[in-house]
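>>> Got a sequence here, can you model it:
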Amino acid sequence: MTLPTMLFDTTEHVLIAVHGREPPSDEDWESYMQTVLSLPPTCSRTLVVTAGGGPNAKQRASVNDFVSKHTLTVAICTDALLVRQISTALSWFNPRVRSFRGNDIAAALRYLEVSGPEAALVHHKVAKMRLEIEGRAPRAAR
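Coordinates of the predicted model:
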């Protein structure tokens, strides 16, 4: 069984993306971008949690194209230096991109202005997706 390179889900206000150690496959990224393009206007915040995987140059270009037309606030949680460098580059195109330590999801959610039950739901979804990416949980039906 092949493990996913990235998983994503949403809450009312937050798009959540969880990456493993490897960059997302083009197939996973295309599926992610289709979700991004169909988000309702109320879902304008993104939380990215990554063990080191991040979008390649072509994939970053698709995000930059999207954020050039839409306002998104993005919090990226990682301890990987390369991903921190990528987030710095993304912030050149979108100054509302900010990096946080890998496990500091609470600070990232404060930055995204997400609290209460929605924050608890985000924490739950991130934990579940992390287990799935690591191969320690059954893959959820999408």
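
>>> biggest helix in the chain by residues?
helix 116-133 (DSSP state H).

>>> And the contacts of that one?
Outside helix 116-133, the residues that touch it by C-beta atoms under 8 Å, 6 or more residues apart in numbering are 3-4, 6-9, 11-14, 16, 18-20, 47, 49, 51, 105-106, 109, 114, 137-140. The C-beta positions use only the backbone N, C-alpha and C, and glycine is treated the same way.

>>> Could you do stretch 2-9 as well?
Contacts of stretch 2-9 (C-beta under 8 Å, 6+ apart): 15-20, 22-25, 28-29, 32, 35, 53, 125, 129, 132-135, 139.

>>> Now with 7 Å, please.
Stretch 2-9 is contacted by residues 15-20, 22-25, 28, 32, 35, 53, 125, 129, 132-133, 135 when judged by C-beta atoms under 7 Å, 6 or more residues apart in numbering.

>>> Stretch 70-79 now?
Contacts of stretch 70-79 (C-beta under 7 Å, 6+ apart): 44-50, 83-84, 87, 94, 96-102, 104-105, 108, 111-112.

>>> pLDDT weak spots in this structure?
Scanning the chain for pLDDT under 70 picks out the ranges 1, 137-142.

>>> The helix or strand containing Val74 - which strands sit beside it in the sheet, and in what orientation?
For Val74, the host element (DSSP states H and E) is strand 73-77. Here strand 73-77 is paired, per DSSP bridges, with strand 45-50 (parallel), strand 97-100 (parallel).
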